[in-house]
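>>> curious how this folds, go ahead:
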Amino acid sequence: MELILGYLFIFLAKVSDVTLATIRMIMVVKGRRVQAALIGFVEIIIYILAIGKVLTELDNPINVIAYALGFASGNYMGIFVEEKMALGSIIVQVISQGNSMKLVEKFRDEGFGVTVVEGYGREGMQHLLNIMMQRKNLSKLYQILDEHDKKAFVTITDARAIKGGYFVRSKRR
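Below is the predicted model:
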């Protein structure tokens, strides 16, 4: 039983360590210094405990396997948690194949700020819709797009910082 608890400790510690590392890196990229430092403090304690357990019993290959499985699972969990947190702002650019101005009005009715730029593409005159928004509202934007134009061309870029502009709270229904 003690061996199984040891393997479980190594696995869960590594999952936690790598999950925290993923979140910490996101905090670093977004310029959130204090949060990144605090997460890093906890992360390194967990790392030292996990690697210490593996290195003191290096003759047990299952420890190494538990560590590696924890690492792989931690990467998966880190991405999963980061997606659920949906931190920060994004810049969404949309080129619609349908009536762009109708789509612009729908976005605006739903509380999105939209800037329209005219451009010339392969199919002639096009409207490029620029939408600065919180990442947590992306599913709402996709829902609106799917109702209007499933073939719209969409690019999304992370925005480290935004100053000024038009932002409104999501409408409550």
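
>>> and Glu123, how far from Phe41?
Taking CB to CB, to the nearest Å as the criterion, Glu123 is separated from Phe41 by 54 Å. In this view, the C-beta of every residue, glycine as well, is placed from N, C-alpha and C.

>>> more neighbours, these two?
Phe41 (11 against 8; other CB atoms under 10 Å).

>>> would it be right to say that that one lies in a strand?
No: per DSSP: H, G, I helix; E, B strand; the rest coil, Phe41 lies outside any strand segment and is helix.

>>> that one and Leu12, how far apart?
In terms of CB to CB, Phe41 sits 19 Å off from Leu12.

>>> show me where this protein has strands.
Assigned by DSSP state E, the strands in the chain fall at 89-95, 114-121, 124-134, 153-159.

>>> which residues touch the residue nearest to Leu128 when sequence neighbours are not counted?
Computed as CB to CB, 6 or more residues apart in numbering, the closest residue to Leu128 that is not its neighbour in sequence is Val117, at 4.5 Å. By CB atoms under 8 Å, 6 or more residues apart in numbering, Val117 lies in contact with 127-128, 130.

>>> now a PyMOL select for only the buried ones of those residues.
If you want just the buried ones from the contacts of Val117 in PyMOL, going by 16 or more other CB atoms under 10 Å, the selection is:
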select buried, resi 127+128
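
>>> reformat the strands of the chain as a markdown table; add distance to Ile65.
Shown next, in a markdown table, are the strands of the chain (distance: least, CB to CB, whole Å):
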| stretch | distance to Ile65 |
| --- | --- |
| strand 89-95 | 38 |
| strand 114-121 | 51 |
| strand 124-134 | 41 |
| strand 153-159 | 35 |
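
>>> for Val104, find the nearest of those strands.
strand 114-121 (5.1 Å; CB to CB).

>>> so for the closest one, what's the average pLDDT?
Looking at strand 114-121 alone, the average pLDDT works out to 89.

>>> same question for stretch 132-147.
pLDDT averaged over stretch 132-147 gives 91.

>>> would you mind measuring from Lys136 to Met85?
9 Å.

>>> those two: which has the busier surroundings?
Ranked by neighbour count (other CB under 10 Å), Lys136 and Met85 place Lys136 first, with 15 against 12.

>>> which ones are touching that one?
Per CB under 8 Å, 6+ apart, neighbours of Lys136: Ala86.
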